[in-house]
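*Asks:* Everything below, folded, please.
(2 chains)
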Amino acid sequence: MSGVPDGGARDERDVAATVELAEGEPAAGSPAANDPQGDRQRFVLDDTGFDEVPKKYRRFYRKWKGAGDRLAPNEVICPVCKVVIRSSRTLLPGDRVYCMPCMSRLVVTRNEATGDLEALVAY
Amino acid sequence: MSDVHDLEPQAFLEEVHSFEFWFQAVEGYLSGTTWGHRPDAIESPMSAEDRDRLITVLCNYCVGEAAALEGASGLIVIAPNRLAKVFLATQVADEGRHLEVFYHRMRDLGVSDPEREVERRASGSLQTFRRRLLELVASKDWEAAIFAQNVILESLEFAVFQDHAREADPVTAEVLRGVVKDERRHIGFGENELGRRVASAPHIRARLGQIKKELDHLVLEALEETNLLLGLPRDEHERLGRIYLESVARLGFAT
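*Replies:* Numbering: from 1, shown residues only, chains lettered A, B, ... in the order given. Next comes the predicted model:
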């Protein structure tokens, strides 16, 4: 996928499926629950070496590399701890995501001025 | 379920506040380290002046970490629920480790009695902050103490340690990077715990505003002292100040 930063997500169609976390339906508000028809692009997430959460969760996070880094459509920055949060689906405003490194629950929004996706802490 | 974001909010909180989560998280970045850095990390040459400044900075870090260690352990008793108690237990372990690795780093730098050196060199502002934090803990004021410790103090440390790690000698930088990884959990816990409480009981906001007013100048003075010791340029001082103030601004406190 072009425009994806080094170590970022790849299109799921190009690679094999990843490990399952647990059984169960996606909770309300999650990107999966907000995509009932499965229309959004799916991504397989590689482990980028982020080591601040248990192994099974590492692929959902990566470090922000600073100027020159770019967010993929399935990524958003945590405003609390500045880690990049990754989803297996394209993110859209209204999605609820979790930042495990700082234990925050976040809601994705679109910055009206820049058009970029942002995350706001949902207390 | 194939995505962590599919979890129910309560299941997420149970997971991230567990000792199991903490243990597997720290294992990821501390395994193989000794005193917070790889055993084969190479010391770089340092002038006597730089070494002396670094020791003073580490003395200040020790005051902050000691305050957080004593504060977090005291807060377990008044924590409002099991998850908060378990999380604070993990924070106590983190803070104890931070204190230990900073003391050890001072010994590496030739300080024979780090405790005495901390008493002699540490910032008066930070020592006053520590005293005030422990008064809030002793008064069993959960919101005020968490605000002072996990929002104000931890935000300051998070900002300063990250910046210092970029400029520090290789060994100190490794120690700091490990500490920053722990601090992410601490600032997140504080902001989320207080955010939930302020949302459900807005009257808390006024009291926390008073605490912020009282403690802000101590934190900003300590930040300024540390910045000068680290030799950071003026614009960097301002950037660090902004990072510190961002978290309290997200909680709705005017900066």
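*Asks:* How far off centre is the lengthiest strand in chain A?
*Replies:* With DSSP state E setting the assignment, residue counts place strand A:104-110 as the longest strand in chain A. Distance of strand A:104-110 from the chain centroid (Cα atoms, centre = their mean, to the nearest Å) equals 11 Å.
*Asks:* Flag the shaky bits of the chain, pLDDT-wise.
*Replies:* Unless you meant another one, I'm taking chain A. A:1-23 (pLDDT under 70).
*Asks:* think we crossed wires, I meant chain B
*Replies:* B:1, B:254-255.
*Asks:* what does it have sitting close to chain A?
*Replies:* B:1-9, B:11-13, B:15-17, B:21, B:24-25, B:28-29, B:158, B:181, B:184-185, B:187-189, B:191-192, B:195-196, B:198-199, B:246-247, B:250 (Cβ under 8 Å from any Cβ of the partner chain). Where you see a C-beta, it was placed from the backbone N, CA and C, and this is true even at glycine.
*Asks:* Ignoring the adjacent residues along the chain, who's closest to residue 46?
*Replies:* The chain I'm using is chain A. Leaving aside its sequence neighbours, A:Asp46 sits nearest to A:Arg59 (Cβ to Cβ, 6 or more residues apart in numbering or on different chains; 6.2 Å).
*Asks:* try chain B instead
*Replies:* B:Asp169 (6.1 Å).
*Asks:* And for A:Arg96?
*Replies:* Nearest to A:Arg96 is A:Gly29, by Cβ to Cβ, 6+ apart, at 3.7 Å.
*Asks:* That neighbour - how many residues pack around it?
*Replies:* Around A:Gly29 there are 19 other residues, counting by other Cβ atoms under 10 Å in any protein chain shown.
*Asks:* Assign a three-state SS to it, would you?
*Replies:* When classified by DSSP: H, G, I helix; E, B strand; the rest coil, A:Gly29 comes out as coil.
*Asks:* State the phi and psi torsions of it.
*Replies:* When read as degrees, to the nearest 10, the backbone of A:Gly29 gives phi 90, psi -20.
*Asks:* again, but for A:Ala119
*Replies:* phi -120, psi 140.
*Asks:* residues contacting the closest residue to it other than its chain neighbours?
*Replies:* Nearest non-adjacent residue to A:Ala119, counting by Cβ to Cβ, 6+ apart: A:Leu106, 3.9 Å away. Neighbouring residues of A:Leu106 by Cβ atoms under 8 Å, 6 or more residues apart in numbering or on different chains: A:76, A:78-79, A:85, A:96-99, A:119-122.
*Asks:* farthest-separated two in those?
*Replies:* Using Cβ to Cβ, the contacts of A:Leu106 span at most 14.5 Å, a distance reached by A:Pro79 and A:Arg96.
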